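Visitor: Can you look at this prediction? I've put the sequence above it.
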Amino acid sequence: MASSTGRTIALKEFDDAKTGVKGLVDSGMTSLPAIFHHPRAHLSMLAATSHLSIPTVDLSLPRPIAVDLIRSASRDWGVFQLINHGIPLSTIHNTISAIRSFHELSSAERSQFYTRSRDPGFSYNSNLDLFHSAAATWKDTLRVSFSPVRPDVDQIPEVCRAALVTWDECAKDVAREVMQMMCKGLGVDTKRLEAMTCLEGRTTVAHYYPPCPEPDRALGTVDHTDAGLLAFLIQNQIGGLQVKSETHKCWVDVKPIPGVLVVFVGELLQIISNNEYKSSCHRVMANSSDEPRVSVISFYNPGRKDESDFYGPLSELLSDQKPACYRNLNMVELNKVFRKEPIGNKVVLKYCKLP
Ligand SMILES: O=C(O)CCC(=O)C(=O)O
Ligand SMILES: [Fe+2]
């Protein structure tokens, strides 16, 4: 491992090039730079996957059956794969291929969009937490926040503009349905989450994981739980995503299946459901294939983000037997906690857990 000054210089040099990990691959790099080396102790634990698979929910099943499946998957796994959700396969393919096209623009074109600005709208960079994580991950990321503040769509690179806008609309319709079914599964009013503006804080994040020269020394995405309410993911055929089964105490591969939407319960939903639904810990291996891996994730959060807008365990779920496990928090706090730490596990839950 390089000295900390050497590491800071190397990180800055990498960031200043504004072409991400893809830029390193294009430059013909054949060994992994030290800033991407993950501790051996951590990597040695990576192989322990099982042959289980995450639950599947078929949205075309009769509603009460689908609600039951969503409830048990959200409770026991915090993740499930959704089929027959109504979004055409061609829309999913178009979205993934548009993202790939952006990341495969020439370095000169792509670098114009590279920024660490947190302003709403469009951004592209490598490793959101580059300067405070222990080791960088082998991927580049673009991000568009669609709501509550509508972006100036002209800021989105033309090559992926129409696809991203279409994807946000299609995914939102399914998210509305899933949120209603999750409410039903909790036994609260089906519009409860929507009334809390949970469809109004929407951000799309799209990762590009280039082939990694030394995948055994690197990671694509470190173990983490998503801090927000809910996330929907689509991916191409490369694979590498794994989720942790708390019940079986092992990592499980999320095998890519064409047309599937993977749904993740985030920490905020665990809080709001007072631990009825569990957030899922997941990670992505460094890409050991010859082709890039692409994933697109739509994050859903409350759109009301003022300091006076608090979110916490729903009062309908609380009783003397089931007291609140968490205190209420607002989105300003949630974002502060999330951004202060390197991307990781259950940081928001730990922050607001009641003794
Ligand atoms: O790329 C993936 O498959 C997962 C990425 C992820 O978990 C995230 O961005 O929160
Ligand atoms: Fe995630």
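Guide: Sure, I can see it. Ligands and ions are numbered 1, 2, ... in the order given.

Visitor: For the rest of this, base every contact and every neighbour count on C-alpha atoms.
Guide: Fine.

Visitor: what number of residues lie near residue 57?
Guide: Under the neighbour criterion other CA atoms under 10 Å, residue 57 is assigned a count of 23.

Visitor: ok, now which ones touch it?
Guide: 66, 69-70, 80-83 (CA atoms under 8 Å, 6 or more residues apart in numbering).

Visitor: who wins for most neighbours among those?
Guide: Going by other CA under 10 Å, residue 70 tops those with 29 neighbours.

Visitor: Let me know the pLDDT of it.
Guide: Listed pLDDT for residue 70 reads 98.

Visitor: rewinding a little: closest to residue 315 out of the contacts of residue 57?
Guide: Among the contacts of residue 57, residue 70 lies closest to residue 315 (CA to CA), at 21.6 Å.

Visitor: and that closest one, which of the three is it?
Guide: What DSSP: H, G, I helix; E, B strand; the rest coil gives for residue 70 is helix.

Visitor: Quick check: the gap between it and residue 57.
Guide: Going from residue 70 to residue 57 by CA to CA, to the nearest Å gives 7 Å.

Visitor: quick one: common contacting residues for those two?
Guide: With CA under 8 Å, 6+ apart as the test, residue 70 and residue 57 both reach residue 80.

Visitor: Which of the contacts of residue 57 fall in strands?
Guide: Mapping those onto strands (DSSP state E) picks out 80-83.

Visitor: Also near ligand 1: which of those residues, exactly?
Guide: Residues of the ones in strands among the contacts of residue 57 in contact with ligand 1 (CA under 6 Å from any ligand atom): none.

Visitor: Now those residues in TSV, please, with extra columns for pLDDT.
Guide: Putting the ones in strands among the contacts of residue 57 into TSV (pLDDT from 0 to 100) gives the following:
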residue	pLDDT
80	98
81	98
82	98
83	98
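
Visitor: Make CSV out of those residues and add distance to residue 284.
Guide: As requested, the ones in strands among the contacts of residue 57 are exported to CSV (distance: CA to CA, whole Å):
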residue, distance to residue 284
80, 16
81, 17
82, 20
83, 22
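
Visitor: just those residues now: which is nearest residue 293?
Guide: Closest to residue 293 out of the ones in strands among the contacts of residue 57 is residue 81 (18.5 Å), distances taken as CA to CA.

Visitor: Give the helix, strand or coil label for residue 351.
Guide: With three-state DSSP as the criterion, residue 351 reads helix.

Visitor: Sorry, wrong one. I was asking about residue 224.
Guide: Strictly by three-state DSSP, residue 224 counts as strand.

Visitor: what about it, distance to residue 164?
Guide: In terms of CA to CA, residue 224 sits 25 Å off from residue 164.

Visitor: The two: who's more crowded?
Guide: Using other CA under 10 Å, the more surrounded residue of residue 224 and residue 164 is residue 164, with 25 against 20.

Visitor: Hmm, the more buried one is touching residue 97, no?
Guide: No. Between residue 164 and residue 97 no contact is recorded; they are 10.8 Å apart, counting by CA atoms under 8 Å.

Visitor: Dihedrals phi and psi, residue 208?
Guide: Here is the backbone geometry of residue 208 (degrees, to the nearest 10): phi -130, psi 120.

Visitor: tell me the mean pLDDT over the lengthiest helix in the chain?
Guide: The single longest helix within the chain, with elements called by DSSP state H, is helix 158-186. Averaging pLDDT along helix 158-186 gives 98.

Visitor: just how off-centre is the helix or strand following it within its chain?
Guide: Heading C-terminal from helix 158-186, the first helix or strand you meet, by DSSP states H and E, is helix 192-195. Offset of helix 192-195 from its chain centre (CA atoms, centre = their mean, to the nearest Å): 21 Å.
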